[in-house]
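# Attaching a predicted model along with its sequence, questions to come.
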Amino acid sequence: MALLLLVLFFSSLNVGSASASAGESLSTPKSNLIQYWNKEVRNNNHAIAKPTFLLSKASPLSAVDSARFSDLAAENALSSQFLAFCASANLFCFPDSSPNLEELITHTGAFADASGWVQSGIFFRESMLKKGKVLPMPDIKDKMPKRSFLPRSISSKLPFSTSKVSELKKIFHVDDNSTVETMIVKALSECESAPSPGETKQCVGSAEDMIDFAISVLGKNIVVRSTENFKGSKQNIMIGSVEGINGGKVTQIVSCHQTLFPYLLYHCHSVPKVRVYEVDILDPNSKAKINHGVASCHMHTSDSNPNQAELTIASGPGQIKACHWVVENHLIWTIADLLSS
């Protein structure tokens with residue numbers, strides 16, 4: 001069986017190779033993403049660099065392969081090139097071989113899931129974000145499998161709803177009643193769930209879709225932020241320099257959390273009344289910088305419904321109820337700070 005799969009894989013790589021010269025004028029998905037960012041994002045602070053993290057998650061497909069798989073998707077024929085598609089596009093196509101898949105499905109999200117599971121010690125008071133303060137950091141390591149976005153030219157042609165699960169199962173060769181089917185159905189159900197009052201939400205499978213959603217909420221003058229790594233997780237850390245984004249004012253953000261799916265999928269939603277901070281995270285003993293984190297502090301409102309962990313440090317309406325770190329590989333979009341004159 002293994003030999004047969006290898007034969008199918010290498011033979012599928014040759015499909016369309018004769019037309020490679022026709023793709024020389026095409027651009028790679030990463031190049032297209034850079035062009036799209038330059039075209040759509042108009043932040044006033046031109047010193048802000050291109051979003052390194054977002055670009056690192058762009059599809060690794062070549063220009064030729066991207067065009068080829070896009071054509072196959074349009075013809076509902078991607079299933080015939082399953083192995084080549086998965087390998088070339090850096091997808092998570094054999095999740096049943098992952099030993100902790102069921103745990104990932106149960107605990108997919110930043111710190112909590114729909115079942116109410118909440119990682120202990122994740123919330124802290126805003127007053128702790130002061131240089132020299134020492135506090136415990138929860139586990140912020142990204143547990144998700146490494147995947148890439150699909151180019152929008154492909155993702156837009158794939159079925160994406162609970163009513164079309166059978167089509168998705170065919171594309172990704174998913175067995176009936178398998179753990180992978182549970183994974184796909186759970187992701188789609190969460191994406192189709194109704195937003196909270198006043199919330200706007202969308203699941204995005206391409207970087208372009210994420211940019212569009214952030215712009216629809218915040219406008220074109222935007223920047224995306226993420227925590228650099230997971231160093232400091234599950235240990236005491238010391239707060240270094242602290243920068244309040246947008247001058248430390250309460251503002252609206254777009255928060256994007258990874259969702260377990262064959263390709264990189266984010267659940268993005270608008271969050272009103274938040275203060276965002278960028279923080280140098282230090283080793284409390286050596287005082288050396290080990291991480292650069294993003295912290296989000298949410299305002300308590302009269303109609304909010306904080307969980308028990310938040311209630312332990314919540315203030316009254318109109319005050320910050322709780323802060324938390326942004327998990328590795330999760331993202332926060334904000335309006336870009338203006339350049340000082």
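That came in fine, so what should we check first?
# Against which helices or strands is the helix or strand hosting Y36 packed?
Assigned by DSSP states H and E, Y36 belongs to helix 29-40. Under the contact definition 3 or more C-beta pairs under 8 Å, 6 or more residues apart in numbering; DSSP states H and E, helix 29-40 sits against helix 52-56, helix 207-218. The C-beta positions use only the backbone N, C-alpha and C, and glycine is treated the same way.
# where do the strands sit along the stretch 201-341 of the chain?
Assigned by DSSP state E, counting those that start in this stretch, the stretch 201-341 of the chain shows strands spanning 201-204, 222-225, 235-244, 251-259, 265-282, 289-299, 320-325, 331-335.
# low-scoring pLDDT stretches of the stretch 1-150 of the chain, where are they?
Low-confidence segments of the stretch 1-150 of the chain (pLDDT under 70): 1-25, 44-49, 95-99, 106-121.
# can you do 50?
Across the stretch 1-150 of the chain, residues meeting the criterion (pLDDT under 50) sit at 1-24, 110-118.
# And the helices in the stretch 1-150 of the chain?
Per DSSP state H, counting those that start in this stretch, the stretch 1-150 of the chain carries helices over the ranges 2-13, 29-40, 52-56, 63-74, 82-89, 101-106.
# if we can go back for a sec, got the buried residues for the helix holding Y36?
Within helix 29-40, the residues scored as buried using 16 or more other C-beta atoms under 10 Å are P29, K30, N32, L33, I34, Y36, W37.
# how much does it deviate in direction from helix 207-218?
Per axes from the mean of the first three to the mean of the last three C-alpha atoms, to 10 degrees, the angle that helix 29-40 makes with helix 207-218 is 20 degrees.
# how far does helix 29-40 sit from the chain's center?
Distance, stretch centre to chain centre, for helix 29-40: 18 Å (C-alpha atoms, centre = their mean, to the nearest Å).
# Alpha carbons of that helix, as CSV, please.
Extracted in CSV, the C-alpha atoms of helix 29-40 (Å, rounded to 0.1, in the frame of the first residue of the first chain):
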residue,chain,number,x,y,z
PRO,A,29,0.5,32.7,-3.6
LYS,A,30,3.0,34.5,-1.4
SER,A,31,3.7,37.2,-4.0
ASN,A,32,0.0,37.6,-4.6
LEU,A,33,-0.5,38.1,-0.9
ILE,A,34,2.2,40.8,-0.7
GLN,A,35,0.6,42.6,-3.7
TYR,A,36,-2.9,42.3,-2.0
TRP,A,37,-1.6,43.7,1.2
ASN,A,38,0.0,46.7,-0.6
LYS,A,39,-3.2,47.3,-2.5
GLU,A,40,-5.7,47.0,0.3
